[in-house]
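Visitor: Need the 3D shape of this:
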Amino acid sequence: MALTDLPVIGMLRTRMQWAQARQGLIAENVANADMPGFKPRDLVEPRLDRSTGAAVNASTTLALTSPAHIAPAGQGTGTDSKRAKGFEIRPSGNGVNLEDEMMKAGENQSDYQLAASLYQHSLTTLKIAVGKS
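Guide: Residues are numbered from 1 along each chain as shown. Model (predicted):
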């Protein structure tokens, strides 16, 4: 078993790659804040399988076969609990709100730093476990 096959390492690596890709989209949103008709974009957080550390395909969600059934956790009725309000649209048709984008960038940076720190500590712990401190 390779070191990179461990679920914790895989999940942390996936999280750091996601944060890196998200940072690029946030930067693109900020760069196009004055472009008429530009619509901001964002990435959906990856869902990870806790046992394998692999990303779970978003298309494999449970289906409601009856309106009387309770929706599975996280599937809800289409509302997003993190999104309190929609984007402001300026007369030029641009939907970028710089304050929101800066908040996302700061939050994304914190998430990346946390994942990188946990990744480093996991590697250090594994080195200690095999006797290579």
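
Visitor: where does the protein have low pLDDT?
Guide: Under the criterion pLDDT under 70, the flagged ranges of the chain are 1, 3-4, 50-88, 133.

Visitor: Give me the spatial nearest neighbour of S122, chain neighbours excluded.
Guide: Excluding the flanking residues, the one nearest S122 by CB to CB, 6 or more residues apart in numbering is V8, at 5.6 Å. The C-beta positions use only the backbone N, C-alpha and C, and glycine is treated the same way.

Visitor: The one you found: neighbour count?
Guide: By the criterion of other CB atoms under 10 Å, V8 has 14 neighbours.

Visitor: Pull out the buried positions in stretch 34-41.
Guide: Buried positions in stretch 34-41, judged by neighbour count with 16 or more other CB atoms under 10 Å: F38, P40.

Visitor: Now it - C-alpha only, PDB.
Guide: Only the C-alpha atoms of stretch 34-41 are listed here, as PDB (Å, rounded to 0.1, in the frame of the first residue of the first chain):
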ATOM      1  CA  ASP A  34     -16.600  45.400 -14.800                       C
ATOM      2  CA  MET A  35     -17.400  43.300 -17.800                       C
ATOM      3  CA  PRO A  36     -21.100  43.800 -19.000                       C
ATOM      4  CA  GLY A  37     -23.200  40.600 -18.700                       C
ATOM      5  CA  PHE A  38     -20.600  38.600 -16.800                       C
ATOM      6  CA  LYS A  39     -22.100  36.000 -14.400                       C
ATOM      7  CA  PRO A  40     -20.000  34.900 -11.500                       C
ATOM      8  CA  ARG A  41     -19.200  31.200 -11.000                       C
END
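
Visitor: ok, and what's touching that stretch?
Guide: With CB atoms under 8 Å, 6 or more residues apart in numbering as the test, stretch 34-41 has contacts from L25, E28, N29, N32, F87, S92, G93, N94, G95, V96, N97, E101.

Visitor: nearest to V44, of these?
Guide: Proximity of the contacts of stretch 34-41 to V44 (CB to CB) peaks at L25, which lies at 11.2 Å.

Visitor: Kind regards, and thank you for your time.
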